[in-house]
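In: no sequence for this one, just the structure:
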């Protein structure tokens, strides 16, 4: 059985959660990926992909081997990214494997994503076993691509309850099968109504050092190294989160004498957003709860008032207690008491501000 070798691979990660993005970055490096590119937004990822589209076709096929993209909660989300890669003229590689990430996938979202050509799905927070499984599937068992007037992407047959259009199409006798290498298929990418099935040679498997028959697998050492990296990331989370809290405290100290605090509140919003994204990922849902609460207040246009300062401070105090006391999970009675006190403080401050 062949051993998978990803030293010549380049992987692009798109994730707005800084800590989670770098955790996946480090897991991929532990698994042997030679180069890991990162983007914290779809706009950044698009700019990178557009630059790649200016390279030669052969270079474009080899520059990014697969992509892991967060769904995001914005207009141009992960599904929009998949659609752009599959259909846009500026896409560097319409066959690029795209693994979508999210904290949860409902059946409707999965069906929509597959309808635009998503390759695989990955739940956040990412585990080593799940990441290894998706990579091995992408490398060892790529699905043929289907082209017709309504769809271009991996063959979806068997992935949804209702039989998709391309399944009916594939039963027709006028379907053309293209077994050209990826670079040739991209160069001759069709713009007509002829139904095609693309079955190129397994470019990624050959690049990973695998043969044509048996699956290539990671060594136990590589998987163990990735597991260690995951544990290290989790163990270091509290320290990195406290760094965010200390940054919040510095911003508040700077805001004290400022007549216009809008810029300070904007910086607080960015830090609170990261805390909201990260806490649950690393086993601290109370951090996410407080971070999201602070993000909502900071993003709503807080006035330049003492009550605004007080509102931010009670959130910072709660975050400090959670992290200094290492309150993981829901925190039991301690966690419930902390949440209750924060909610009471918020209510008191907002009522006082409204009355004044």
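Out: Arrived safely. Treat the numbers as computed from the prediction; the structure is a model and nothing was measured.

In: Would you map the strands across this protein?
Out: Assignment of strands within the chain using DSSP state E yields the ranges 10-14, 35-39, 66-70, 98-102, 120-123, 145-147, 152-154, 176-178, 196-198.

In: Figure out which of those is closest to residue 329.
Out: Each of the strands of the chain has some distance to residue 329 by Cβ to Cβ; the shortest is strand 120-123, at 18.6 Å. (Each C-beta comes from the backbone N, C-alpha and C, glycine too.)

In: Direction included, what does that closest one pair up with?
Out: Paired strands of strand 120-123, with direction, are strand 98-102 (parallel) (DSSP bridges).

In: what residue ranges in this structure are flagged as low confidence?
Out: 1, 73, 75, 158-173, 211-212, 356 (pLDDT under 70).

In: can you list the domain ranges for it.
Out: With automatic domain parsing as the criterion, the domains of the chain are listed as 10-218, 236-355.

In: quick one: terminal-to-terminal distance for the first one?
Out: In other words, domain 10-218. End-to-end distance for domain 10-218: 17 Å, by Cα to Cα, to the nearest Å.

In: Just the buried positions in stretch 204-217, please.
Out: In terms of neighbour count (16 or more other Cβ atoms under 10 Å), stretch 204-217 has its buried residues at 204, 205, 207, 208, 210, 216, 217.

In: wait, which of the domains of the chain is closest to residue 2?
Out: Nearest of these (Cβ to Cβ): domain 10-218, 4.2 Å.

In: Quick one: distance of that closest one to the chain centre.
Out: 14 Å (Cα atoms, centre = their mean, to the nearest Å).

In: mind listing the helices for the stretch 51-200 of the chain?
Out: With DSSP state H, counting those that start in this stretch, the ranges of helices along the stretch 51-200 of the chain come out as 57-63, 78-87, 107-115, 128-140, 165-170, 182-187.

In: Show me what the third one is packed against.
Out: Under the contact definition 3 or more Cβ pairs under 8 Å, 6 or more residues apart in numbering; DSSP states H and E, helix 107-115 sits against helix 78-87.

In: Let me know how buried residue 246 is, in neighbour terms.
Out: Using other Cβ atoms under 10 Å, the number of residues around residue 246 comes to 12.

In: List the residues that contact residue 308.
Out: By Cβ atoms under 8 Å, 6 or more residues apart in numbering, residue 308 lies in contact with 261, 265, 302, 353.

In: Go ahead and flag the most central residue of the protein.
Out: Centroid-nearest residue in the chain, with Cα atoms, centre = their mean: residue 70, separated by 2.4 Å.

In: Residue 93 contacts residue 186, doesn't it?
Out: Yes: if you go by Cβ atoms under 8 Å, residue 93 and residue 186 touch, sitting 6.7 Å apart.

In: from memory residue 280 sits against residue 290, does it?
Out: No: the criterion here is Cβ under 8 Å, and residue 280 misses it with residue 290 at 11.6 Å.

In: Distance of residue 121 relative to residue 157?
Out: In this view, residue 121 and residue 157 are 17 Å apart by Cβ to Cβ, to the nearest Å.

In: Please say which of these two ends up with more neighbours.
Out: residue 121 (18 against 14).

In: Now do the same contact list for the more buried one.
Out: Residues near residue 121 by Cβ under 8 Å, 6+ apart: 99, 100, 101, 102, 105, 110, 113.

In: Wait, residue 267 touches residue 251, no?
Out: Yes: at 5.3 Å, residue 267 and residue 251 qualify as touching, with contact defined as Cβ under 8 Å.

In: Of the two, give the one with the bigger neighbour count.
Out: Shown here are residue 267 and residue 251; by other Cβ under 10 Å, residue 251 has more neighbours (19 against 16).

In: Count the residues that sit near residue 277.
Out: Residue 277: 24 surrounding residues under other Cβ under 10 Å.

In: next one: residue 344
Out: Residue 344 has 11 neighbours, counted by other Cβ under 10 Å.

In: go on, residue 198?
Out: Residue 198: 24 surrounding residues under other Cβ under 10 Å.

In: got the contact list for it?
Out: 95, 144, 145, 146, 147, 178, 180, 185.

In: what does residue 99 give?
Out: Neighbours of residue 99 in contact, by Cβ under 8 Å, 6+ apart: 66, 67, 68, 69, 118, 119, 120, 121, 122, 134, 138.

In: any idea where the helices of the stretch 201-350 of the chain begin and end?
Out: In the stretch 201-350 of the chain, the helices defined using DSSP H, counting those that start in this stretch lie at 203-207, 220-255, 262-281, 285-299, 306-324, 332-355.

In: Of all the ones you listed, which one is nearest residue 45?
Out: Short answer: helix 262-281, nearest of these by Cβ to Cβ, at 17.2 Å.

In: ok, residues contacting the closest one?
Out: Helix 262-281 is touched from outside by 16-20, 103, 124-125, 237, 241, 244, 247-248, 251-252, 254-255, 258, 284-292, 294-295, 298-299, 301-302, 304, 308, 312, 315, 319, with contacts defined as Cβ under 8 Å, 6+ apart.
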